[in-house]
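> Sequence unavailable; structure follows:
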């Protein structure tokens with residue numbers, strides 16, 4: 001199973017300068033180039049073995065992706081409930097959004113990294129920017145950036161206020177949904193990267209030359 005077959009062939013091509021490779025070059029030279037290119041990624045991978053966020057630990061990225069996707073689903077559910085003027089459904093959908101949103105923030109903190117940290121800051125900025133609007137329908141923003149719901153306040157919230165926050169043209173919903181989509185993309189990229197590293201380094205963090213050879217041949221086929 002080569003790197004390309006798990007969606008990372010382009011990564012290998014980017015790491016290696018294929019324009020300089022000739023038929024006369026020895027396979028060992030190609031292996032060395034790939035080994036050097038993956039050096040930093042190997043360090044990250046080996047460290048992740050200690051924290052349980054690699055290989056089988058891609059569960060952390062899957063959880064992040066699922067929660068981020070659920071944020072978008074919650075927006076759709078809220079809009080549908082508002083459209084039906086269904087107070088009970090609105091309350092359930094908004095509560096679901098808050099739950100998914102908080103799970104997404106937890107996922108970003110667990111996965112960490114520059115991209116995730118930047119997203120956390122941006123989500124916090126969006127929540128702060130719309131703090132009063134959120135409060136008007138019973139949603140408060142904690143210092144951690146997470147949201148909480150006052151069920152009684154939400155139950156009596158003006159549907160128009162909910163629509164203003166979560167409608168298709170609403171600033172808060174639009175910005176959060178776009179950024180949550182980015183979280184899904186980051187989770188997918190991280191998972192693919194760890195799958196490639198798992199193929200090359202296994203659970204011991206030791207380079208598997210047999211798999212590396214197959215990866216190289218697949219990448220240039």
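Arrived safely, thanks for sending. It should be emphasised that the depicted structure is a prediction, and the values quoted were computed from it without experimental measurement.
> Could you report the pLDDT at the residue lying closest to residue 129 once chain neighbours are set aside?
Distance criterion CB to CB, 6 or more residues apart in numbering; nearest residue to residue 129, sequence neighbours excluded, is residue 172 at 7.8 Å. The way it works is simple: take the backbone N, C-alpha and C, and place the C-beta from them, glycine included. Looking at residue 172, its pLDDT is 89.
> Output the below-cut-off pLDDT ranges for the chain.
When the per-residue scores of the chain are filtered using pLDDT under 70, the ranges that remain are 1-57, 190-221.
> Could I get the full set of helices for it?
Taking DSSP state H as the criterion, the chain contains helices spanning 9-15, 27-37, 39-51, 59-84, 87-111, 114-129, 131-136, 151-155, 159-166, 171-201, 209-219.
> so what secondary structure elements neighbour the fifth one?
The reference is to helix 87-111. With contacts defined as 3 or more CB pairs under 8 Å, 6 or more residues apart in numbering; DSSP states H and E, helix 87-111 has these neighbours: helix 59-84, helix 114-129, strand 147-149, helix 151-155, helix 159-166, helix 171-201.
> Nearest to residue 138, out of those?
With distances scored as CB to CB, the stretch of the helices and strands packed on helix 87-111 nearest to residue 138 is helix 151-155 (3.0 Å).
> what about residue 185, how many neighbours?
Summarising burial for residue 185: neighbours were counted as other CB atoms under 10 Å, giving 13.
> Count residues in the vicinity of the nearest residue to residue 154 once chain neighbours are set aside, would you?
Counting by CB to CB, 6+ apart, the nearest residue to residue 154 once its immediate chain neighbours are dropped is residue 138, at 3.8 Å. Here the neighbour count serves as a burial measure; for residue 138 (other CB under 10 Å) it reads 22.
> same check, this time on residue 104
Applying other CB under 10 Å, we find 28 other residues in the vicinity of residue 104.
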